[in-house]
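Participant: Got a sequence here, can you model it:
(one chain, ligands or ions: 2)
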Amino acid sequence: MRTGDIKELEILAQKSRRNVLRMIRANGSGHLGPAYSCIDIVTALYFHGMDVDPKNPEKADRDIFLLSAGHKGMAQYAVLAEAGFFDKSILDTFGQFKSPIPGHPDMHKLAGIEANTGSLGHGLNLACGIALARKQDGLKSRVFVITGDGELAEGSNWEAAAIAAHYGLDNLVLFVDHNGLQISGQTKDVMSFEPVADHFGGFGWKTKEIVGNDMKEIVSAFDAVPFEKGKPNLVVANTVKGKGFSKAENQVDYHYWKPSTEDMALAEKELAAKIAELEK
Ligand SMILES: Cc1ncc(C[n+]2csc(CCOP(=O)(O)OP(=O)(O)O)c2C)c(N)n1
Ligand SMILES: [Mg+2]
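Facilitator: Numbers count the residues shown, from 1 in each chain. Ligands and ions are numbered 1, 2, ... in the order given. As a prediction, the model looks like this:
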């Protein structure tokens, strides 16, 4: 299903957040903050932006999505389940031995996952190779990537930034989940690449800046691709880590969450109220 209806997309994003809670409930813990930060973007990718088919996940001319920041994997699983790539009952196996949805995405375990990620700093490089090959094969399909902002500390990203510009990969779209936090603190203290847009712009990318939890802004960024013929596309998505659970928003401690019974109940209650409000 593809839709441009903003409210419909917002509901799908909240239902995907509900899937994240289901996985954490089953496993006992998970990367809540990172998943909630980017889940609006992932929802828009699958339900608005990308040409993918849950019934034919390997179709040759599909758009490709690489979740370079693999620790956000629950966001992708949640949306894939909502989109019908797999049965929702599988969400209850998250993180368990032999589950198709391990802590970090594994392309050999689940249809719809295009690469193994989790070791930060590799997705953009893979994406460059795929985008270049697709151009050379004359395919119209595009390659979408999400990295974290802390992830930009990996130097490999900057080789990829140069390569993408050199080869004029205007079929490559990078979303930087710009939430200002990484695993152990604020990106500005740990390793800063501000302003992110200027750094990529310096390599020759065409850039846009949006509020990355605002569905309307995400959709209009998608619709504007390619931003300029012959240039790779960067969207600096200003997000809130943990967006969608009041206690987690902008809190580094919720990077990895092992919820108490009370906190899980609160997160579920807040989400149910949001979904009910949107569905009114
Ligand atoms: C190569 C590598 N180094 C370190 C880690 C450990 N690690 C996991 S998440 C994370 C922080 C990532 O921060 P950011 O990219 O901002 O993502 P966010 O937590 O905001 O989702 C780190 C350092 C890793 N997964 N891979
Ligand atoms: Mg971050």
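
Participant: Is Ala164 in contact with Leu172, as I believe?
Facilitator: Yes. When contacts are counted by Cβ atoms under 8 Å, Ala164 is listed as touching Leu172 (5.5 Å). From N, CA and C alone the C-beta is placed, and that goes for glycine too.

Participant: Pull up the overlap in contacts between these two.
Facilitator: Cys128, Ala131, Pro232 (Cβ atoms under 8 Å, 6 or more residues apart in numbering).

Participant: Can you get me a residue count around the first one?
Facilitator: Cys128 has 24 neighbours, counted by other Cβ atoms under 10 Å.

Participant: which of the residues in the helix or strand hosting it are buried?
Facilitator: Here Cys128 sits within helix 123-136, counting by DSSP states H and E. By 16 or more other Cβ atoms under 10 Å, the buried positions in helix 123-136 come out as Gly123, Leu124, Asn125, Leu126, Ala127, Cys128, Ile130, Ala131, Leu132, Arg134, Lys135.

Participant: Which member of the shared contacts of Ala164 and Leu172 is positioned nearest Asn56?
Facilitator: Distance ranking of the shared contacts of Ala164 and Leu172 against Asn56, using Cβ to Cβ, places Ala131 first at 21.3 Å.

Participant: My guess is the closest one contacts Leu172. True?
Facilitator: Yes. Counting by Cβ under 8 Å, Leu172 is a contact partner of Ala131 at 4.2 Å.

Participant: got a list of what Ala69 touches?
Facilitator: Contacts of Ala69 (Cβ under 8 Å, 6+ apart): Pro34, Cys38, Thr117, Leu120, Gly123, Ile146, Thr147, Gly148, Glu151, Asp177.

Participant: near ligand 2, which residues of the stretch 1-150 of the chain?
Facilitator: Gly148, Asp149, Gly150 (Cβ under 5 Å from the ion).

Participant: Tell me the buried residues within those residues.
Facilitator: For those, buried by 16+ other Cβ under 10 Å: Gly148, Asp149, Gly150.

Participant: I am finished for the moment; much appreciated.
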